[in-house]
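> dropping the sequence and predicted coords here.
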Protein chains: 2
Amino acid sequence: MRFIFHSSALVARSALANIVKRLDPSMMEQGITKLPFDRGLINRVLKMKAAKVNKKLKYVIVIGIGGSNLGAKAVYDAVYGSFDGLAEERYPKMLFLDTTDPEFLFAFSKFFKREIRHADQILINVISKSGTTTESVANAEWVMGWMKRRFKNVKDRFVITTDEGSKLWKLAEAQGLSRLSIPKMVGGRYSVFTAAGLFPLAAIGLDIRELCRGAREVTQRDASVSASIAFHHLEHGRTIYDHFFFHPELETLGKWVRQLVAESLGKHGKGLTPTVTIGSTDLHSVGQLLYGGPRDKFTTFVWAKKSAHDVKLPRALFFRGLVEGLPGQSAQKIMQAILHGAKKACRNESLPFSETILPDLSLRSLGGFLQCKMMETMFLGKLIKVNAFDQPAVELYKKETRRILQRE
Amino acid sequence: MRFIFHSSALVARSALANIVKRLDPSMMEQGITKLPFDRGLINRVLKMKAAKVNKKLKYVIVIGIGGSNLGAKAVYDAVYGSFDGLAEERYPKMLFLDTTDPEFLFAFSKFFKREIRHADQILINVISKSGTTTESVANAEWVMGWMKRRFKNVKDRFVITTDEGSKLWKLAEAQGLSRLSIPKMVGGRYSVFTAAGLFPLAAIGLDIRELCRGAREVTQRDASVSASIAFHHLEHGRTIYDHFFFHPELETLGKWVRQLVAESLGKHGKGLTPTVTIGSTDLHSVGQLLYGGPRDKFTTFVWAKKSAHDVKLPRALFFRGLVEGLPGQSAQKIMQAILHGAKKACRNESLPFSETILPDLSLRSLGGFLQCKMMETMFLGKLIKVNAFDQPAVELYKKETRRILQRE
């Protein structure tokens, strides 16, 4: 693996070794971890891309929620997303319809009217593993209605990604919509290396082979050590598992980790609560709590050794005498100083932390991170003794929602 | 107050009354809660707006981090922000430079070159209470360098908001930059109704009088009941305080609450950990953990009775037989069904929650919410017995960062 991964010296090596020993790599669910090795899958996705993506394409609309869209969104935002407001005209862009927020849908309809002149400018990817997700079906219906009122032959502009054999799968077949399948055994939160994650990323031109290459480089050893450290601290009362990303563009990647950890491990009264912190911004928000509050958190800092770009401050300052060390300083160096200051303060206060250091924020590195976190979560499931692949409590609110919708 | 505020029936009235009794309204820090009543302050802000905002203005750049920008950003995003990628050409827009992320600054410099042709198209508001915040001083320096290379007489395009008497205040005076002051006794996280929050909002054309009007309508009684409910559950082991916003456009408002709660209450080993959840999206992320995980969370649902807009699904569906109750349904009704389903499931599982129901997402309602949460936090400080106005642990990492920057 190309990561550097280590933890502060607050766990005895022997304690850690004892936990790691309990993790036999053969316990890993091979099906899920082998997805990035599946060349047939990658080829099917690229074939669909060739069929659907033309030079006129401006927007790929991803309709999906939770595990169905977070993987693609995490990678997209890491590469483009958090600067999209500042971006030049670079197409195709990706837009996400997750929930059915009326304000957002209203803004979206105005945007449609203004921006989309030909059906070929848009490609809609509806992603729902079960095929019966309320928000995603409602949004798919709404976009289909809009497309049919405006254009002819709109079916060609949809790709449906769902479980082979789901109701949606069959309906798409009967209606002649293009389909990609999510393997039965792969839950939404583990689906980033299935068509659910790979197709939208390929459609806007990202190199999914590089993403999968990075994932293939991860070893189970790395993931088991990472899981063991988090588990050790959980057993010592640190029930909040914080991922502290020192790159604002990784905030959605944080939300992907949060979903993965919360849904895989939070059950039967057990589990840890994942939180996401963004550096340096959130040091000015939750820093006081981290350093001064209850000792119920375990932090892992995630950062990349190299940025693709950098900027430098002038040598002759205008705002003189306020902060030392700034003349001619680079933004990257300033961020590093803050990060190392934050870690040093953890050490001084005996707050345990680990680090995942990526070589850069390339697709290869991002793919490795995604794969490593999925493996770590599966191992954590073994250690906590919960099934990391079900989500029994989700039905509790869905059932009530269905009842209310049926009554109306 | 115009909110409806209530909690699930899982706290005995007498227990609650006993806590409320401990909160004498005269304990409230009058200075902070009286800010929205200060017409002189509002007039100074509007006068500065009149001096700086012209018809050519396209971008207000807010340079600030943590409490210095979160209030303005929370309100801006609630009104425009989360749809900005879809927005028509509506100016002026607000852009936020918080941290010194090299990728973001690089994207920003390209954006500058492309978009800004006259100095009058841009207005830079540097906000730092202390005047010595590393990120904000670095970003101010960087933008000043860029402006000076491109335009003449750029000083006129800056407004400095800081403590009267800070080093930055004096430097701005010596250099002839326009200034607005933050009252000494008001910490960054309580500064949304000072020039820190009000000036940027006024500059892009939002009605700050309405915002302050909503804040003036909040009673201390409401805030003390709200604080007492959260405190009751904290004393029963619910150390995670979740704000569950059922509007994606309120995510930054959630981050504002998170900063307020974390920095005010997380000290001396005490405090609660604030989390932010966005409905319905995050039901598909942390829903399983909420309903099935450890019972360490207290949830407050925040939602508005009325949306400004709505959209409807077609009566004749294309995606038939997948979800019941969708034909002709409105987005607002679907969101309500999911929200009420989520609350019903909490009741079924005996998970305590409260609700803050806003009449709408107008500036008046948003102002009321901001004021209510600040009062609630001050009361929580009294109940937890911490000083809600200091942040002693923040120096721990800042000190280390300064050391590293000085060495380089």
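That came through, no problem.
> and for the strand or helix carrying A:Ala174, what's in contact with it?
Using DSSP states H and E, A:Ala174 sits in helix A:167-175. Helix A:167-175 is contacted from outside by A:126, A:128, A:131-132, A:137, A:155, A:160, A:162-163, A:178-179, A:181, B:318-322, using CB atoms under 8 Å, 6 or more residues apart in numbering or on different chains. Yep, even glycine has a C-beta here, placed from its N, CA and C like the rest.
> out of those residues, which are buried?
Buried members of those, scored by 16 or more other CB atoms under 10 Å in any protein chain shown, are A:126, A:128, A:131-132, A:137, A:160, A:162-163, A:178-179, A:181, B:318-319, B:322.
> identify the residues contacting the nearest residue to A:Val20 once chain neighbours are set aside.
Leaving aside its sequence neighbours, A:Val20 sits nearest to A:Ser228 (CB to CB, 6 or more residues apart in numbering or on different chains; 4.8 Å). A:Ser228 makes contacts with A:16, A:19-20, A:23, A:379, A:383, as judged by CB under 8 Å, 6+ apart.
> max pairwise distance over those: which two?
Pairwise distances across the contacts of A:Ser228 (CB to CB) peak at 13.0 Å, for the pair A:Leu16 and A:Phe379.
> between the two, who's got more neighbours?
A:Phe379 (27 against 16; other CB atoms under 10 Å in any protein chain shown).
> please enumerate the strands of the stretch 101-250 of chain A.
Using DSSP state E, counting those that start in this stretch, the strands of the stretch 101-250 of chain A run over residues A:122-127, A:158-163, A:178-182, A:240-245.
> low-confidence ranges, the stretch 1-150 of chain A, go.
Along the stretch 1-150 of chain A, segments meeting pLDDT under 70 span A:1-3, A:5-6, A:9-10, A:27, A:85.
> tilt between the helix or strand where A:Ala345 lies and strand A:240-245?
Assigned by DSSP H and E, A:Ala345 belongs to helix A:331-348. Helix A:331-348 and strand A:240-245 meet at an angle of 160 degrees, taking axes from the mean of the first three to the mean of the last three CA atoms, to 10 degrees as the criterion.
> show me what counts as buried in helix A:331-348.
So, applying 16+ other CB under 10 Å, buried residues of helix A:331-348: A:331-346.
> got it, and stretch A:215-233?
Quick answer for stretch A:215-233 (16+ other CB under 10 Å): A:215-218, A:220, A:222-233.
> count of residues packed around the residue nearest to A:Asn69 when sequence neighbours are not counted?
Among residues not flanking A:Asn69 along the chain, A:Val62 sits closest, at 5.3 Å (CB to CB, 6+ apart). Residues contacting A:Val62 under the criterion other CB under 10 Å number 29.
> now do the SS call for A:Val62.
Of the three states, A:Val62 takes strand according to DSSP: H, G, I helix; E, B strand; the rest coil.
> A:Pro274 now?
Per three-state DSSP, A:Pro274 ends up strand.
> now do the contacts for the residue lying closest to it once chain neighbours are set aside.
In this structure, A:Pro274 finds its nearest non-sequential neighbour in A:Val261, 4.0 Å apart by CB to CB, 6+ apart. Residues near A:Val261 by CB under 8 Å, 6+ apart: A:241, A:272, A:274, A:377, A:380.
> wait, which of these is closest to A:Val53?
Using CB to CB, the contacts of A:Val261 come closest to A:Val53 at A:Thr377, 32.6 Å.
> name the helix or strand for the closest one, please.
helix A:363-384.
> elements contacting that helix?
Contact partners of helix A:363-384 among helices and strands, from 3 or more CB pairs under 8 Å, 6 or more residues apart in numbering or on different chains; DSSP states H and E: helix A:30-33, helix A:70-79, helix A:208-216, helix A:220-235, helix A:251-265, strand A:353-358.
> helix or strand right after it?
Next along the chain from helix A:363-384, counting by DSSP H and E, comes helix A:394-407.
> any buried residues in that next one, and which?
A:394, A:396-398, A:400-402, A:404-405.
> what about A:Ile278, distance to B:Arg258?
11 Å (CB to CB, to the nearest Å).
> cool, and A:Thr239?
Counting by CB to CB, the separation of A:Thr239 from B:Arg258 is 18 Å.
> check A:Thr132 too.
A:Thr132 is 33 Å from B:Arg258, where distance means CB to CB.
> please apply the same query to A:Val192.
On the measure of CB to CB, A:Val192 and B:Arg258 end up 27 Å apart.
> one more: A:Met94?
The value you get for A:Met94 to B:Arg258, if CB to CB is used, is 27 Å.
> quick check, central residue of chain A?
For chain A, the residue nearest the mean C-alpha position is A:Trp256 (3.2 Å; CA atoms, centre = their mean).
> that one contacts A:Gly71, correct?
Yes. With contacts counted by CB atoms under 8 Å, A:Trp256 reaches A:Gly71, the gap being 6.0 Å.
> okay, and the common contacts of those two?
Common contact partners of A:Trp256 and A:Gly71 (CB under 8 Å, 6+ apart): A:192, A:370.
> with adjacent residues omitted, what lies nearest to A:Ser285?
B:Gln259 is the one closest to A:Ser285 (CB to CB, 6+ apart), at 3.9 Å.
> neighbours of that neighbour, how many?
Other residues close to B:Gln259 by other CB under 10 Å number 26.
> quick check, it in contact with B:Gly66.
Yes. B:Gln259 lies in contact with B:Gly66 (CB under 8 Å); the separation is 6.2 Å.
> list residues touching both of the two?
A:284-285, B:189.
> outline the domain layout of chain A.
Following automatic domain parsing, one gets these domains for chain A: A:4-28+A:217-315+A:324-384, A:34-209.
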